[in-house]
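Novice: here you go, sequence then predicted model.
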Amino acid sequence: MNRAEREAAARRIMERVPPQVPPELYGDVLRRGARRLRRRTLTRRLMWLVLCAACVAFFVWAMTARPWVEPPSQTTPPYTGW
Amino acid sequence: MRQRQESQAARRAREFEAFVAGAAGRLLHAATLLTAEAPDHNPRARRLLTLALTHTYACWDRLRGEDPYDRTRQYLANRFARAAWHQYGGFGRSRAHPDSPLARLAPQERLILVLRLYEGVAEEQTAALLGLPAERVRAICDRATTTLLHPPRGPAAAVAKPKVAPS
């Protein structure tokens, strides 16, 4: 028995009794799939919301703290009485 | 916008129903062979197929010309490989039913045999899918074919026990 014959025989053994597809399978898949899609949409919206909130928070903090402005000098005394 | 979404959902449902009607029988047969259950009582295979089809449904709009059957089969195989890895030698969950033609084979042998011979996936693709070298896939496939055609004597359950390799 060569390789092709052996493979054909194995294929025949495996294809002997096909199982019946249960009728409720499609509805089950549809329900689960729709739920997963809904959850995915919800998660995406939530992530966008968090991102926007973080952007706004950063902007407000930057406007109030102004970290790019040079802080007033602490070492040299003010140059007065000239 | 809403109208477009609704029409897209309707189209997806229509296409997906046609796909399931055409592919579910063959995929369920493959899943039943994988889990080594009897053809008329296959809860694990049904669960496996339900999860795989759910995955396909969820990413249906992003397939972009890819074959949904191929995608479902990949997911099915990967999921079975993972489950077999975790349940190997577990309590009764991975016990093969004697009615199944592949009852004497180990989970990995069943997986490779089903992918290679029943589904007709090429050797290189099977190897890439499972993360094994192609020579190893060929060797396992040959060994599984031989076991299937010339079953060793003794009860089928003897093969399912994990054997300790002599060193």
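Specialist: Done, it's in.

Novice: helix, strand, or coil at the residue nearest to the spatial centre of chain B?
Specialist: For chain B, the residue nearest the mean C-alpha position is residue B:77 (4.2 Å; Cα atoms, centre = their mean). The three-state label given to residue B:77 by DSSP: H, G, I helix; E, B strand; the rest coil is helix.

Novice: now do the buried residues in the helix or strand hosting residue B:15.
Specialist: Taking DSSP states H and E as the definition, one finds residue B:15 inside helix B:2-35. By 16 or more other Cβ atoms under 10 Å in any protein chain shown, the buried positions in helix B:2-35 come out as B:16, B:19-20, B:23-24, B:27-35. C-betas here are computed from N, CA, C, even on glycine.

Novice: neighbours around the residue of chain B found nearest chain A, how many?
Specialist: In chain B, the residue that lies nearest chain A is residue B:57 (3.2 Å; Cβ to the nearest Cβ). Other residues lying near residue B:57 total 24 when counted by other Cβ atoms under 10 Å in any protein chain shown.

Novice: still on that earlier bit, check what pLDDT the residue nearest to the centre of chain B gets.
Specialist: Looking at residue B:77, its pLDDT stands at 93.

Novice: wait, it sits on residue B:111?
Specialist: Yes: between residue B:77 and residue B:111 there is a contact under Cβ atoms under 8 Å: 6.3 Å.

Novice: between the two, which contacts overlap?
Specialist: Residues touching both residue B:77 and residue B:111 by Cβ atoms under 8 Å, 6 or more residues apart in numbering or on different chains: residue B:130.

Novice: mind listing the helices for chain B?
Specialist: B:2-35, B:43-58, B:68-87, B:107-113, B:123-130, B:134-149, B:157-160 (DSSP state H).

Novice: and the closest residue to chain B within chain A, what helix or strand is that in?
Specialist: Closest to chain B within chain A is residue A:33: 3.2 Å, counting by Cβ to the nearest Cβ. Following DSSP H and E, one finds residue A:33 within helix A:24-65.

Novice: what helix or strand does residue A:75 sit in?
Specialist: Assigned by DSSP H and E, residue A:75 falls outside every helix and strand.

Novice: got phi/psi on it?
Specialist: Per-residue torsions, residue A:75: phi -90, psi -40 (degrees, to the nearest 10).

Novice: contacting residues for it?
Specialist: Contacts of residue A:75 (Cβ under 8 Å, 6+ apart): none.

Novice: chain B contacts on chain A?
Specialist: Contacts of chain A with chain B, taken as Cβ under 8 Å from any Cβ of the partner chain, map to A:6-7, A:9-11, A:13-22, A:25-26, A:28-30, A:32-34, A:36-37, A:40.

Novice: now, of those residues, which are buried?
Specialist: If we count by 16+ other Cβ under 10 Å, the residues of chain A next to chain B have these buried: A:6-7, A:10, A:14, A:19, A:21, A:25-26, A:28-30, A:32-33, A:37.

Novice: just confirm yes or no for the helix holding residue B:15 near chain A.
Specialist: Yes: using Cβ under 8 Å from any Cβ, helix B:2-35 reaches chain A at B:13, B:16-17, B:20, B:24-25, B:28-29, B:32-33.

Novice: using CSV, lay out the residues you listed together with pLDDT and distance to residue A:44.
Specialist: Converted to CSV, those look like this (pLDDT from 0 to 100; distance: Cβ to Cβ, whole Å):
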residue, pLDDT, distance to residue A:44
B:13, 87, 21
B:16, 91, 21
B:17, 92, 26
B:20, 93, 26
B:24, 92, 30
B:25, 92, 35
B:28, 93, 32
B:29, 92, 36
B:32, 90, 36
B:33, 90, 38
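
Novice: out of those residues, which comes closest to residue B:63?
Specialist: Relative to residue B:63, the closest of the residues of helix B:2-35 next to chain A is residue B:16; by Cβ to Cβ it sits at 10.7 Å.
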